[in-house]
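Asker: A predicted structure for the sequence below; I have some questions about it.
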Amino acid sequence: MKEYKTEVLIGRDGEQYFALGVDIDYAAGGATEHETRENFRHGLKRTLELNIERYGTADRFCKPAPQYEIDEFGPKAVRYTETIIV
């Protein structure tokens, strides 16, 4: 088993929330902040699992998000750290 950590930004655009992994470029959305966190956690875990199944590692997938995507969230973004063990 391996532990993967990423800082996550959550922002709101109209009625939708969006989450972006800073250290692992992965994104998810939802109708509420809680749903967005759950969608992010579940989707990232499954994506890591699939990469490990297919390639034997998730290292090819684990790249940081581009700075311009991070900048779009601005200073009002909620920040937290997500840890996934696969």
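Answerer: Structure's in. What do you need? Residues are numbered from 1 along each chain as shown.
Asker: P64 against V22, yeah?
Answerer: Yes - checked against Cβ atoms under 8 Å, the pair P64 and V22 is within contact range at 6.6 Å. No exception for glycine: its C-beta is placed from N, CA and C like everyone else's.
Asker: on the three-state scheme, F61 is what?
Answerer: For F61, the assignment made with DSSP: H, G, I helix; E, B strand; the rest coil gives coil.
Asker: point to the residue nearest the middle of the protein.
Answerer: Centroid check for the chain by Cα atoms, centre = their mean gives G21 as the closest residue, at 3.4 Å.
Asker: which residue is the nearest non-sequential neighbour of that residue?
Answerer: Spatial nearest neighbour of G21, excluding adjacent residues (Cβ to Cβ, 6 or more residues apart in numbering): T6 at 4.1 Å.
Asker: farthest residue from the center of the protein?
Answerer: Outermost in the chain, Cα atoms, centre = their mean: G56 at 20.8 Å.
Asker: of P64 and V22, who's got more company?
Answerer: V22 (19 against 14; other Cβ atoms under 10 Å).
Asker: secondary structure element for the nearest residue to the more buried one once chain neighbours are set aside, which one?
Answerer: Closest residue in space to V22, ignoring its immediate chain neighbours: E7 at 4.2 Å, by Cβ to Cβ, 6+ apart. Using DSSP states H and E, E7 sits within strand 3-13.
Asker: go on, H34?
Answerer: helix 33-55.
Asker: show me how far that helix is from its chain's centre.
Answerer: Distance, stretch centre to chain centre, for helix 33-55: 8 Å (Cα atoms, centre = their mean, to the nearest Å).
Asker: burial of the closest residue to I10 other than its chain neighbours, as a residue count?
Answerer: In this structure, I10 finds its nearest non-sequential neighbour in V78, 4.3 Å apart by Cβ to Cβ, 6+ apart. V78 has 15 neighbours, counted by other Cβ under 10 Å.
Asker: coming back round to it: torsion angles phi and psi at the residue farthest from the centre of the chain?
Answerer: Backbone torsions of G56, given as degrees, to the nearest 10, read phi 80, psi 0.
Asker: and the one 4 residues further on, by the same measure?
Answerer: Here the main-chain torsion angles of R60 (degrees, to the nearest 10) amount to phi -60, psi -30.
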